[in-house]
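Colleague: Okay, here's the prediction I keep looking at, along with the sequence it came from:
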Amino acid sequence: MKKHVLSLLSIVLLVSLLLTACGAPQATPTAAPPQAEAPTATTASQPEKPTEGQPAQGAAQSVTLKIYLLDYTPDTIAWLKSEINPAFEAAHPGVKVEITEGSWSGWDTTFSGFFAAGAGPDIINLGSEMNTLYGESLADMEPYLGEAAWPEIKNFGPALENAKYQGKLRGLPIFTAPRYVFCRTDLMEASGWTTGTPKNFAEWVDFARKATKIDPATNSIVQQALVPVDAASMADWQWWLLVFYSLGGELYKADGTPNFDSPEALATTRFLLDLRRATYGPYTDAVGSLPTGQGSVIDVNDETGKDNGAVCLAHSGWAAPAFNRPIWSKISIDPFFGDPDNFPKSKPVVLAFNDWLAVPEYSPNKELAAEWLKMAFTKEANHKWCETMNLIPARNDAHYGFVTDTPQLKREAELAAQYGVGFAGILESAKLSTIMQDALGKLITEELTPEEVVAKIQEEYSAALGK
């Protein structure tokens with residue numbers, strides 16, 4: 001009997017197993033606690049892929065946003081490191097911001113290395129003319145910084161054009177730094193010049209002869225009438241461009257070829273030579289250059305307390321005296337007026353430089369870079385950034401406080417708005433700089449005539465552009 005019962009139980013058990021295998025429903029014990037679903041192999045070994053520039057969950061300091069800045073004041077760097085970067089890192093856990101400080105000396109080699117390697121900083125500091133030079137290697141930031149993504153972009157002024165390539169934003173401009181003509185009115189009058197800042201080429205040459213002083217004991221200059229960017233050569237290529245633009249000159253012809261064979265280019269080159277000769281004399285008999293002093297060249301004194309520098313300076317606010325210096329009561333600020341008697345298209349010009357921050361195409365952190373730029377370019381931040389350098393903010397709504405409260409900067413901002421010409425749109429700017437400095441160097445040593453100089457630049461620059 002026992003044997004038959006066991007056989008019957010076996011049959012019942014077998015039927016139960018068969019029903020289970022065929023999908024028959026099973027009762028769930030009410031007393032049993034719910035079981036957590038076991039992780040699959042995929043969940044355990046493959047974490048969710050982070051979006052661009054965002055660290056993976058659980059990763060500590062997994063992304064470093066690298067920023068490369070050029071020649072900023074210690075106050076600027078200290079402010080970024082103490083306020084902007086900590087705030088950004090707090091808002092983006094797992095992200096570290098790293099600032100590297102570089103120099104405008106050798107910038108072209110540094111940047112070319114980044115782009116050739118396809119790797120480097122996520123944000124790089126460029127100059128005005130570099131949007132055309134590096135534009136094809138920069139990221140289209142419209143999806144992150146365009147008006148649809150960031151309405152605050154409407155607050156930026158004309159400097160924004162320097163941060164574009166082919167109509168698309170590649171980054172954001174920091175400031176506007178036009179070049180003005182700063183003149184010591186007291187030294188002008190002491191030199192017998194009473195008509196204010198010269199307003200044509202002939203006046204500048206006459207002024208250079210009257211206001212330049214030479215120490216016969218050393219046969220060197222102790223007071224230079226005009227220092228245009230650099231005191232010694234007076235033939236810097238950017239100074240040449242400012243004079244050229246003041247005549248109404250265009251850098252390129254309608255067909256895109258260079259325009260150095262134009263009447264404006266020849267007149268500019270002749271003026272640079274005439275002005276230098278009026279200051280230093282013929283090259284074979286040239287006197288010694290102005291001694292290097294401390295501070296601005298129009299606000300220096302030797303050990304006797306007498307002025308020993310320049311009467312006028314053609315440069316940006318970087319080279320002018322600090323705004324709290326008492327000498328400002330004796331300094332005028334004007335544009336460069338061109339030569340209207342000989343060139344009817346002449347116009348007053350301040351050549352505007354706009355440093356800006358760009359995002360390279362190679363950066364894997366474009367969205368993060370945009371977020372950092374937004375934080376560093378709020379109205380308040382752009383104001384503070386430029387306050388550390390006494391320069392005009394790129395954002396129009398940041399023109400308050402030190403901008404409007406400082407008479408000198410207020411005057412500069414007004415002149416920039418009225419007479420500003422952008423230092424931008426220059427093709428192969430690094431090559432043009434090299435070509436022009438070489439040719440202008442031969443001009444001041446009188447190895448080449450002005451006619452030969454412009455012909456040399458026209459030929460070499462055309463070749464550089466493949467024209």
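Modeller: Good, I have the coordinates.
Colleague: Give me the pLDDT value at Ile11.
Modeller: Ile11 is assigned 33 on the pLDDT scale.
Colleague: and if you look at Leu391?
Modeller: Reading off the model, Leu391 has pLDDT 88.
Colleague: Tell me how many other residues surround it.
Modeller: 23 (other CB atoms under 10 Å). Backbone N, C-alpha and C define where each C-beta goes, glycine included.
Colleague: Once you drop chain neighbours, what's closest to it?
Modeller: The shortest distance from Leu391 to any residue other than its chain neighbours is 4.1 Å, reached at Phe175 (CB to CB, 6 or more residues apart in numbering).
Colleague: ok, which stretches of the stretch 101-250 of the chain are helices?
Modeller: Ranges of helices in the stretch 101-250 of the chain, per DSSP state H, counting those that start in this stretch, are 107-117, 130-134, 142-145, 185-190, 201-211, 237-246.
Colleague: Dump these to JSON lines, plus mean pLDDT, distance to Ala159 and mean neighbour count.
Modeller: Output for the helices of the stretch 101-250 of the chain, formatted as JSON lines (pLDDT from 0 to 100; distance: least, CB to CB, whole Å; neighbours: other CB atoms under 10 Å):
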{"stretch": "helix 107-117", "mean pLDDT": "92", "distance to Ala159": "19", "mean neighbour count": "15"}
{"stretch": "helix 130-134", "mean pLDDT": "88", "distance to Ala159": "11", "mean neighbour count": "22"}
{"stretch": "helix 142-145", "mean pLDDT": "98", "distance to Ala159": "14", "mean neighbour count": "19"}
{"stretch": "helix 185-190", "mean pLDDT": "95", "distance to Ala159": "30", "mean neighbour count": "16"}
{"stretch": "helix 201-211", "mean pLDDT": "98", "distance to Ala159": "29", "mean neighbour count": "19"}
{"stretch": "helix 237-246", "mean pLDDT": "97", "distance to Ala159": "17", "mean neighbour count": "23"}
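Colleague: Compile those helices into JSON lines and extend it with columns for distance to Trp372.
Modeller: Formatted as JSON lines, the helices of the stretch 101-250 of the chain follow (distance: least, CB to CB, whole Å):
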{"stretch": "helix 107-117", "distance to Trp372": "18"}
{"stretch": "helix 130-134", "distance to Trp372": "20"}
{"stretch": "helix 142-145", "distance to Trp372": "11"}
{"stretch": "helix 185-190", "distance to Trp372": "44"}
{"stretch": "helix 201-211", "distance to Trp372": "45"}
{"stretch": "helix 237-246", "distance to Trp372": "30"}
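Colleague: How about the secondary structure of Ala381?
Modeller: Assigned with DSSP: H, G, I helix; E, B strand; the rest coil, Ala381 falls in the helix class.
Colleague: Per-residue pLDDT of it, please?
Modeller: For Ala381, the pLDDT comes out at 98.
Colleague: where does the stretch 51-200 of the chain dip in pLDDT?
Modeller: Scanning the stretch 51-200 of the chain for pLDDT under 70 picks out 51-61.
Colleague: Swap in 90 and give it another go.
Modeller: By pLDDT under 90, the weakly predicted segments of the stretch 51-200 of the chain are 51-62, 71, 73, 104-108, 128-133, 157-159, 161-162, 177.
Colleague: circling back to that earlier point, might one say that the residue nearest to Leu391 is in contact with Thr388?
Modeller: No - look at Phe175 against Thr388 with CB atoms under 8 Å: they stay out of range, at 10.3 Å.
Colleague: out of those two, which sits in the busier spot?
Modeller: Between Phe175 and Thr388, counting by other CB under 10 Å, Phe175 is the more crowded of the two (23 against 16).
Colleague: residue contacts, Phe182?
Modeller: Counting by CB atoms under 8 Å, 6 or more residues apart in numbering, Phe182 touches 298, 312-315, 320, 331-333.
Colleague: nope, Val97 is what I meant
Modeller: Taking CB under 8 Å, 6+ apart, we find Val97 in contact with 64-65, 67, 85, 88-89, 372.
Colleague: Distance from the chain centre to stretch 324-334, please.
Modeller: Distance, stretch centre to chain centre, for stretch 324-334: 27 Å (CA atoms, centre = their mean, to the nearest Å).
Colleague: Go through that stretch and flag the buried ones.
Modeller: Within stretch 324-334, the residues that count as buried by 16 or more other CB atoms under 10 Å are 327-328, 331-334.
Colleague: Likewise for stretch 156-170?
Modeller: For stretch 156-170, the neighbour count (16+ other CB under 10 Å) marks 156-165, 168-170 as buried.
Colleague: again with stretch 81-95
Modeller: For stretch 81-95, the neighbour count (16+ other CB under 10 Å) marks 84-85, 88-89, 92, 94-95 as buried.
Colleague: Domains in this structure, by residue range?
Modeller: Using automatic domain parsing, the domain ranges for the chain come out as 63-174+354-422, 179-351+427-464.
Colleague: Tell me the span between the first and last residue of the last one.
Modeller: Distance across domain 179-351+427-464, first residue to last, is 28 Å (CA to CA, to the nearest Å).
Colleague: Save the buried residues of stretch 156-170 as JSON lines, and put in distance to Trp204 too.
Modeller: Listed next are the buried residues of stretch 156-170 as JSON lines, based on distance: CB to CB, whole Å:
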{"residue": "Phe156", "distance to Trp204": "35"}
{"residue": "Gly157", "distance to Trp204": "31"}
{"residue": "Pro158", "distance to Trp204": "28"}
{"residue": "Ala159", "distance to Trp204": "29"}
{"residue": "Leu160", "distance to Trp204": "34"}
{"residue": "Glu161", "distance to Trp204": "31"}
{"residue": "Asn162", "distance to Trp204": "29"}
{"residue": "Ala163", "distance to Trp204": "34"}
{"residue": "Lys164", "distance to Trp204": "35"}
{"residue": "Tyr165", "distance to Trp204": "36"}
{"residue": "Lys168", "distance to Trp204": "41"}
{"residue": "Leu169", "distance to Trp204": "40"}
{"residue": "Arg170", "distance to Trp204": "38"}
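Colleague: which one of those residues sits closest to Phe343?
Modeller: Closest approach to Phe343 among those (CB to CB): Pro158, at 24.7 Å.
Colleague: my guess is the closest one contacts Gln418, does it?
Modeller: No - distance between Pro158 and Gln418: 11.8 Å, which falls outside the contact criterion (CB under 8 Å).
Colleague: what are the ranges of the strands in the stretch 251-400 of the chain?
Modeller: 310-315, 331-334, 350-353, 356-358, 392-393 (DSSP state E, counting those that start in this stretch).
Colleague: Tell me which of those approaches Pro228 most closely.
Modeller: Once those are compared by CB to CB, strand 310-315 is nearest, at 4.2 Å.
Colleague: name the helices or strands packed onto the closest one?
Modeller: strand 175-184, helix 185-190, helix 201-211, strand 220-228 (3 or more CB pairs under 8 Å, 6 or more residues apart in numbering; DSSP states H and E).
Colleague: May I have that strand as PDB, with CA atoms only?
Modeller: Taking C-alpha atoms only, strand 310-315 is exported to PDB below (Å, rounded to 0.1, in the frame of the first residue of the first chain):
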ATOM      1  CA  ALA A 310      57.100 111.100 -24.900                       C
ATOM      2  CA  VAL A 311      54.900 114.000 -25.600                       C
ATOM      3  CA  CYS A 312      52.300 111.900 -27.400                       C
ATOM      4  CA  LEU A 313      51.500 108.200 -27.400                       C
ATOM      5  CA  ALA A 314      49.600 106.300 -30.000                       C
ATOM      6  CA  HIS A 315      48.500 103.200 -28.200                       C
END
